[in-house]
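Peer 1: This is the structure alone, sequence omitted:
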């Protein structure tokens, strides 16, 4: 009877390095080629007057940075972004936690409810934004929202074109809530199911009232790890805001000066007809620094990476 | 179904191969067949049926090169701008420009030589923005223009005359607005994008003067832009229509009594409404004003990084200078455009009666083309200000003051040697 070969020998320990590069190499190469090189190049471009060129010769030092920071359109876009994340992060957090708590308590058809709430996560941002723009929140009398308003005798509202009050935020925020709440609900559900029932039993024995008290003292503390992950993901997602803004508000002539997050603004500066690649790169570097500072701050705040005691 | 690691890797590899095939730009290396070098020609996607087949037919008829037409949907300006930075761009391409910086950076080839003897036959208004430093950088293909459509029967019912001044337009739009129909559609953004600099020209001013100075540092500019705010504040504007101003649907579906749109929409409007419509330029503002509408032309240009610049120029000369049949067919058979050649525009029967004739007359009397020095950066600054004036009621004088400052800085930049 032949013996099965020892795993170590079959894999060939001496070829470890080779196999490491066979598996990691392509991805590492892709990462360098498509992420680090463009990143470094962008930093390089930001010190040049680079209109319509990626191999500029006109060195301008920090001029691009200075004028980008003085540029009201750019600072406005940072404010836009701050307002957007200050709203969307807590709103999604609360909504998805509430959904998770509800679905977790459902006795029947749990799989059904889980899928129903999760389903929007499978929809593309652009498609959802177009449905929001063209059928639900269009400005004419037969739009869904305006039809509902019409039942109550109210005037039709041009949702995306009204800046006083800023109705466009309603459209932007609802589309994102609809798209992502289901996904974070699943994360919270997983977290909820990891909480040991004995904790709840113990709490009941100790006389904790079901409802707010249990939620506040048992459920939320037990969900801490999940909550940190969800918050981090939400903030990163908010930083990447582009798709639905662009799909909702841009037209063939450009983009309105409101609800213009930094990525949209920089897209028009560097990649649109303006092709001011140096200026756009300076903006991108500033944005990257802002993101880095926020992320590091956040990690400190949550104590991420600290050894568990 | 469980996916084994091997299947996953296999699929990954297959996908990798597929994407590797995706970089065909239609631009071959050397000669192919007996037809000379291969040239890649790019067009943006026209909405009119038959246009794509037409340009492919023209390309196939050319004998000295194998011309491969690429019909490119999506953000065409961004696509070409990016492609021009690389070696895999088109040889010849259609461009909504070229922009000042594309010319200054030497991304397009000087085509002045092709115009020998025919330069005067090109519509001078659209040729001017293709000219920089005395040289011509693109061949105007067909002339397009924006104009104001109005529904005759709706104006009659409301007892409103076609407006002759911007003030009258504000009043007319208000009178025409009912619970179901709005008075005027200037685009879903309230007009900032679609009208652009046109109100400045209607006030007798300009975006950038011929000597390269800011053309709207004048109180009349603020007054003209204030009228647009009035339209918005009166709630006479249609906003949030499912299709934007460049599509005549809002007008033909009776969501609005008047709409700012393009000449390209004229066949569709005529089909839907028969004779029940008329066209106007944007009416004049104030005593020094005159009606205004923008005219422009996509240009055919040669990529300076092409390996076959001479062949590309020969092809463009054959198609857009010598090939008058193709030019006529392209201008008049697919949607509605004015031929860029004056001699062809005169011959075109379709353009001699009704609203079409009015449009052609306006294009020569009131038409202005955006100057080359009105760069995208200036345009964005102006458009942002206009949007704030219209929608948020920002003060036109102070908004314009800061735009003038920005445009001046941009003009200073363009005066420096590249």
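Peer 2: Received it, and whenever you're ready, just let me know what you need. Keep in mind that this is a model prediction, so the values were computed, not measured.

Peer 1: and the gap between the residue in the stretch 101-250 of chain A positioned nearest to chain B and residue B:230?
Peer 2: Going by Cβ to the nearest Cβ, chain B is nearest to residue A:139 of the stretch 101-250 of chain A, at 1.7 Å. No exception for glycine: its C-beta is placed from N, CA and C like everyone else's. Look at residue A:139 and residue B:230: by Cβ to Cβ, to the nearest Å, they are 19 Å apart.

Peer 1: These two: who's more crowded?
Peer 2: Of the pair residue A:139 and residue B:230, residue A:139 is the one with more neighbours under other Cβ atoms under 10 Å in any protein chain shown, namely 25 against 18.

Peer 1: Quick check: chain neighbours aside, which residue is closest to the more buried one?
Peer 2: residue B:240 (1.7 Å; Cβ to Cβ, 6 or more residues apart in numbering or on different chains).

Peer 1: Look at the one you found and report its pLDDT.
Peer 2: Residue B:240 carries a pLDDT score of 86 in this model.

Peer 1: Next, count neighbours for it.
Peer 2: Per other Cβ under 10 Å, the neighbour tally for residue B:240 reads 23.

Peer 1: what residues are up against it?
Peer 2: By Cβ atoms under 8 Å, 6 or more residues apart in numbering or on different chains, the contact list for residue B:240 reads A:137-140, A:143, A:158-161, B:188.

Peer 1: ok, now with 7 Å
Peer 2: Going by Cβ atoms under 7 Å, 6 or more residues apart in numbering or on different chains, residue B:240 touches A:138-140, A:158-161, B:188.

Peer 1: Wasn't it part of a strand?
Peer 2: No. According to DSSP: H, G, I helix; E, B strand; the rest coil, residue B:240 belongs to no strand; its state is coil.

Peer 1: Setting aside sequence-adjacent positions, which residue approaches the residue in the stretch 201-309 of chain A positioned nearest to chain B most closely?
Peer 2: Closest residue of the stretch 201-309 of chain A to chain B, Cβ to the nearest Cβ: residue A:253 (2.9 Å). In this structure, residue A:253 finds its nearest non-sequential neighbour in residue B:193, 2.9 Å apart by Cβ to Cβ, 6+ apart.

Peer 1: Around chain B, pick out the residues from the stretch 151-300 of chain A.
Peer 2: Residues of the stretch 151-300 of chain A found near chain B (Cβ under 7 Å from any Cβ of the partner chain) are A:158-161, A:163-164, A:251-254, A:256-257, A:268, A:271-276.

Peer 1: Okay, and which of those residues map to strands?
Peer 2: Residues from these lying in strands, with DSSP state E as the criterion: none.

Peer 1: In ChimeraX, select just the buried ones from those.
Peer 2: For the buried members of those, the matching ChimeraX selection, counting by 16 or more other Cβ atoms under 10 Å in any protein chain shown, is:
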select /A:158,159,160,161,163,251,253,254,256,257,268,271,272,273,274,275,276
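
Peer 1: Contacts for stretch B:311-325, please.
Peer 2: B:36-37, B:39, B:58, B:62, B:64-65, B:67, B:91-92, B:109, B:111, B:114, B:118, B:139, B:141, B:300, B:302, B:306, B:326-327, B:341, B:344.

Peer 1: tell me which residues of it are tucked away?
Peer 2: Buried residues in stretch B:311-325, counted by 16+ other Cβ under 10 Å: B:311-321, B:323-324.

Peer 1: Quick one: end-to-end distance for that stretch.
Peer 2: One end of stretch B:311-325 sits 21 Å from the other (Cα to Cα, to the nearest Å).

Peer 1: What of stretch B:249-265?
Peer 2: This stretch, stretch B:249-265, spans 9 Å end to end (Cα to Cα).

Peer 1: which residues touch it?
Peer 2: A:140, B:144-151, B:154-155, B:173, B:176, B:181-187, B:194-195, B:238, B:241, B:243, B:245-246, B:248, B:268-269, B:272-273, B:335-337, B:359.

Peer 1: again with stretch A:50-65
Peer 2: A:45-49, A:275-279, A:282, A:286, B:85, B:101-102, B:105, B:107.

Peer 1: Go ahead and flag the most central residue of chain B.
Peer 2: residue B:296 (5.8 Å; Cα atoms, centre = their mean).

Peer 1: three-state assignment of that residue?
Peer 2: Secondary structure, three-state DSSP: residue B:296 is strand.

Peer 1: cool, and residue B:293?
Peer 2: Assignment for residue B:293 (three-state DSSP): strand.

Peer 1: go on, residue B:35?
Peer 2: Classification of residue B:35 using three-state DSSP returns coil.

Peer 1: Give the rounded mean pLDDT of the strand or helix carrying residue B:330.
Peer 2: Taking DSSP states H and E as the definition, residue B:330 sits inside helix B:324-332. Averaging pLDDT along helix B:324-332 yields 90.

Peer 1: What's the first helix or strand after that helix?
Peer 2: strand B:338-339.

Peer 1: buried residues in stretch A:72-84?
Peer 2: In terms of neighbour count (16+ other Cβ under 10 Å), stretch A:72-84 has its buried residues at A:73-74, A:76-78, A:80-81, A:84.

Peer 1: Any chance of the residues you listed in a markdown table with secondary structure as columns?
Peer 2: Below are those laid out as a markdown table (three-state DSSP):
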| residue | secondary structure |
| --- | --- |
| A:73 | helix |
| A:74 | helix |
| A:76 | helix |
| A:77 | helix |
| A:78 | helix |
| A:80 | helix |
| A:81 | helix |
| A:84 | helix |
